[in-house]
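Student: using only what follows, build the 3D model:
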Amino acid sequence: MTEASAVTDQAVEVREEEALPIEALDNWLAENIGNELPEERGELRITQYNGGVSNWTYRLDYNGLALVLRRPPEGTKAKSAHDMGREYRLQKRLRPAFPHVPRMLAHCRDESVIGAEFYVMEHITGIIPRRRFPKGLDLTAEQARQLCTNALDKLIELHNVDLDSTRLRKIAKGKGYTERQVNGWCSRYEKAKTWNVFGAKSVMRWLKENQPQDERICLVHNDFRLDNLILNPEDPTDIIGILDWELATLGNPLMDLGNSLAYWIEAGDDKVARATKRQPSDYPGMLTRKEIIDYYCERTGTKVEDFAFYEVFGLFRLAVIAQQIYYRYHHKQTTNKAFKNFWFLVNYLLWRCRRRIAKA
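Tutor: Have a look, this model is predicted:
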């Protein structure tokens, strides 16, 4: 393990079409969180994080102070998947019981300030592992395994948060979550289907017929991956922050784990899977998907005869997400060429669904 401190931040210059009005934002920050700013704050400098594809995330730098701003992408409305107010309130209520959430500083509903609703939170200095660990950071196999188990322990801790003490009991419907999720993602796939992707009727029918009879309801993250974690620069096995709470809700914890497994590419996977990885989960020493399931179930006392439903649901959900993105490209709603071959990824994920079902 070498000089991690040299690779702790990955903010880059702001994309021209996503620039923020510096003067208006500076004035708003001074008025609303002036007590958080340095006395001699100097000029506001703005850079941007480019790891995500949903909400836009910026780093705000004053003299000796860094903050983070989150806003929805252009053309979206607050009462949707990009609800900044909900995301802000959830984290603010959760933090006292789950201190791995960044500290919330202020929420702005006035879209005239920067052109959209937004919120500002503390900046946590650390390492965010993307597709690969940053150059200069070398973990031993034992450290990689420890990072995996530490991450799973954080997920288990989240799943055991007291909903009443955090005032999060009413943030979502809760009961009936599994059925709503299955029906909802099946419907989304049908609406986003294009001619060049497989039909998924057999997969959707299997999911509907094999839903678990019992479900425990707790707070779920719904996007829990290594690249949404912040690691301690002095000890990269230590997780000091968890990001991207926009999909968090009350739901089934085993589905939360299944969603994470869909992104988890391991060393023995085929070339297609490894080409799609977004996190260094195939690094030597990392747990396999089976080891992750076994660890989670053992630590939580969960007994599941076959984890197939949760694995298939996670893969199918990811296929639908990819298809929704491809649909926009296919119908020329975006010209981003990175989405050009997403139809192939969708077909591959559906193939993995069928293969897993065959083994069930």
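
Student: tell me the contacts of Asp110?
Tutor: Glu117 (C-beta atoms under 8 Å, 6 or more residues apart in numbering). C-betas here are computed from N, CA, C, even on glycine.

Student: from here on, count from 523
Tutor: In the new count, where the first residue is 523, that last one comes out as Asp632.

Student: residue ranges of the strands in the stretch 773-882 of the chain, please?
Tutor: Counting by DSSP state E, counting those that start in this stretch, one finds no strands in the stretch 773-882 of the chain.

Student: I meant to write the stretch 523-672 of the chain there.
Tutor: Using DSSP E, counting those that start in this stretch, strands in the stretch 523-672 of the chain cover 567-571, 578-584, 587-593, 626-630, 640-644.

Student: and Leu680, which of those strands is closest to it?
Tutor: Between Leu680 and these, the tightest spacing by C-beta to C-beta is seen for strand 626-630, at 17.0 Å.

Student: need the contact partners of that closest one.
Tutor: Counting by C-beta under 8 Å, 6+ apart, 550-551, 554-555, 558, 589, 606-607, 610-611, 613-614, 617, 636, 639-644 sit against strand 626-630.

Student: and the helices in the stretch 623-772 of the chain?
Tutor: Here the stretch 623-772 of the chain has its helices, by DSSP state H, counting those that start in this stretch, at 663-681, 699-714, 723-731.

Student: pull out the buried residues from the longest one.
Tutor: Residues of helix 663-681 classed as buried under the neighbour-count rule (16 or more other C-beta atoms under 10 Å) are Gln665, Ala666, Arg667, Gln668, Leu669, Cys670, Ala673, Leu674, Lys676, Leu677, Leu680, His681.

Student: before we move on, what about stretch 543-553?
Tutor: Leu547, Asp548, Trp550, Leu551.

Student: how about stretch 647-660?
Tutor: Per 16+ other C-beta under 10 Å, stretch 647-660 contains these buried residues: Gly648, Ile649, Ile650, Pro651, Arg652, Phe655, Pro656, Leu659.

Student: could you measure from Thr688 over to Leu776?
Tutor: 21 Å (C-beta to C-beta, to the nearest Å).

Student: what about those two, which has more around it?
Tutor: Leu776 (25 against 18; other C-beta atoms under 10 Å).

Student: got the contact list for that one?
Tutor: Per C-beta under 8 Å, 6+ apart, neighbours of Leu776: Pro734, Arg738, Thr824, Val826, Phe829, Tyr832.

Student: please write out the alpha-carbon positions of the helix ranked longest in the chain in CSV.
Tutor: Using DSSP state H, we find that the single longest helix of the chain is helix 830-852. In CSV, the C-alpha atoms belonging to helix 830-852 read as follows (Å, rounded to 0.1, in the frame of the first residue of the first chain):
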residue,chain,number,x,y,z
ALA,A,830,-31.5,-17.3,-7.1
PHE,A,831,-34.5,-14.9,-6.9
TYR,A,832,-32.3,-12.0,-5.5
GLU,A,833,-29.5,-12.6,-8.0
VAL,A,834,-31.9,-12.8,-11.0
PHE,A,835,-33.8,-9.7,-9.9
GLY,A,836,-30.5,-7.8,-9.5
LEU,A,837,-29.4,-8.8,-13.0
PHE,A,838,-32.8,-8.1,-14.5
ARG,A,839,-33.0,-4.7,-12.9
LEU,A,840,-29.6,-3.8,-14.2
ALA,A,841,-30.7,-4.9,-17.7
VAL,A,842,-33.7,-2.6,-17.5
ILE,A,843,-31.5,0.3,-16.4
ALA,A,844,-29.2,-0.3,-19.3
GLN,A,845,-32.1,-0.6,-21.7
GLN,A,846,-33.7,2.6,-20.5
ILE,A,847,-30.4,4.4,-21.2
TYR,A,848,-30.1,2.7,-24.6
TYR,A,849,-33.7,3.7,-25.4
ARG,A,850,-32.7,7.3,-25.1
TYR,A,851,-29.8,6.8,-27.5
HIS,A,852,-31.8,4.7,-29.9
